[in-house]
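Colleague: Test case, fold it:
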Amino acid sequence: MKNTALVVASVFLALAFASHDAKSEYKPVPQKTVAKKDRNGRWISAGHVERGIASYYNKASVRPYPGKGYLTANGKRFDDKADTAAHRSLPFGTVVKVTDIKTGRWVIVRINDRGPYVEGRIIDLTEGAAEKIGIAGKKGLAKVKMEVIRFSDKTS
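Modeller: Predicted coordinates:
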């Protein structure tokens, strides 16, 4: 009985290792998720870092736009509680991590709009994202590190 269990365990392990193929673990990442061109024609890759000032915008700051509701630059309706942001040149759908340098608090957002158009500012967060890193309701500005996590074909 003891020998039978040992043989069964040995056969199971042999089959497990025989079916293991080192090549099957390697899955090449499609080039579109590794690097993309921004609006200025520069190649930006995952891991790209920018440092500067983050600000935030909310429904009150976009009220001047007429119509049924503010549409972001990618054509989707603005949602001030979504984890999204505006950047001048990153492709829509790019996912970035924004870290407040002073506090270390961070949020992951998706680029779906254009801006900010104030010199020195690198990203405009929605109010919901700004609350997560603690800049909403105060001065509304923070020194941040923005890192590209990945690119996406989706723009919503």
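
Colleague: May I ask which helix or strand of this protein has the lowest mean pLDDT?
Modeller: helix 22-25 (a mean of 43; mean pLDDT, DSSP states H and E).

Colleague: buried residues in stretch 126-136?
Modeller: Applying a neighbour-count criterion of 16 or more other C-beta atoms under 10 Å, one finds 126-133, 135-136 buried in stretch 126-136. Just so you know, the C-beta spots here come from the backbone N, C-alpha and C atoms, and that holds for glycine as well.

Colleague: same deal with stretch 51-58?
Modeller: In terms of neighbour count (16+ other C-beta under 10 Å), stretch 51-58 has its buried residues at 54-58.

Colleague: Which positions in the helix or strand where residue 44 lies come out as buried?
Modeller: Take DSSP states H and E as the rule and residue 44 turns out to sit in strand 43-45. For strand 43-45, a neighbour-count test (16+ other C-beta under 10 Å) marks residue 44 as buried.
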